[in-house]
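>>> 3D, please:
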Amino acid sequence: MTTRVKTSGFAPILTAFVTLLICGVRAPAQSPGAGKTNSTDALLLTLEGKVEISRTASATWSVGETNQVLHVGDRLRTGIRSRATVRLSNLSVLRVNELTTLQIQPPSAPGKQAGLDLKSGAAYFLSRERPTETEFRTPLASGAIRGTEFHIAVTENGRSVVTLLDGAITLSNVLFPEPDGPTIAVIVRAGTSKLTSLSTVASGE
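All right, here's what the predicted structure looks like:
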């Protein structure tokens with residue numbers, strides 16, 4: 001005589017328990033630290049055409065990717081008929097035009113946001129939240145803009161043009177232009193923007 005023991009109700013429960021136990025043990029092994037960013041990091045939101053990234057202290061350029069984190073010291077460049085959108089550490093958005101090269105700069109002091117070093121090309125800055133301070137640098141000048149909207153460009157002949165649409169700008173370390181040399185122009189929209197201060201240095205200093 002054979003005695004049969006019913007296990008049909010127990011087996012699925014045991015299988016589910018073992019599966020849950022295995023998954024629970026393996027879960028923590030997923031890429032520790034993945035997705036961690038610093039408060040000064042920027043994010044490459046969108047790209048169109050040829051957009052490349054070069055990491056800090058590297059001479060190598062690699063193809064950029066959507067949602068790629070940009071750290072302080074990293075460089076970004078766009079090719080012809082190419083563009084990119086970058087979200088800065090203060091959550092403002094930077095629209096990068098074609099044939100542009102820029103670098104994420106370290107904050108000038110504790111508590112400040114990372115800045116921008118525009119080496120060539122043009123970019124449009126927009127903050128929809130509130131006026132924020134953004135430090136910038138071009139081959140001819142450095143400064144800070146507190147506002148919600150501005151455009152900055154470095155032309156092929158080295159001329160720097162800052163168009164302030166809403167906010168205030170402070171320029172410092174402006175190179176005094178040599179005869180027939182590149183110049184810097186600040187265009188301020190009347191009524192909504194202002195130039196707060198300006199300091200210059202000789203080009204030989």
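>>> CA atoms for contacts and neighbours, from now on please.
Will do.
>>> For stretch 118-136, measure first residue to last.
Start to finish, the residues bounding stretch 118-136 are 7 Å apart (CA to CA, to the nearest Å).
>>> Name the residues of that stretch that are buried.
118-127, 131-136 (16 or more other CA atoms under 10 Å).
>>> do the same with stretch 47-62
Buried-residue list, stretch 47-62, by 16+ other CA under 10 Å: 47, 50-55.
>>> now, which of those sits nearest residue 165?
For the buried residues of stretch 47-62, the closest approach to residue 165 (CA to CA) belongs to residue 47, at 24.8 Å.
>>> now the closest one, which residues is it bridged with?
residue 84 (DSSP bridges).
>>> and of the buried residues of stretch 118-136, the nearest to residue 167?
Using CA to CA, those come closest to residue 167 at residue 131, 7.3 Å.
>>> Walking through this protein, point out its helices one by one.
Per DSSP state H, the chain carries helices over the ranges 10-26.
>>> need the strands for it, in chain order.
Ranges of strands within the chain are 42-48, 51-54, 62-63, 68-70, 75-78, 83-87, 93-96, 101-105, 115-126, 132-137, 142-154, 160-176, 184-188, 193-202, based on DSSP state E.
>>> is it possible to export those strands to CSV including mean pLDDT?
As requested, these are exported to CSV (pLDDT from 0 to 100):
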stretch, mean pLDDT
strand 42-48, 96
strand 51-54, 98
strand 62-63, 97
strand 68-70, 96
strand 75-78, 98
strand 83-87, 97
strand 93-96, 96
strand 101-105, 96
strand 115-126, 94
strand 132-137, 87
strand 142-154, 88
strand 160-176, 78
strand 184-188, 69
strand 193-202, 52
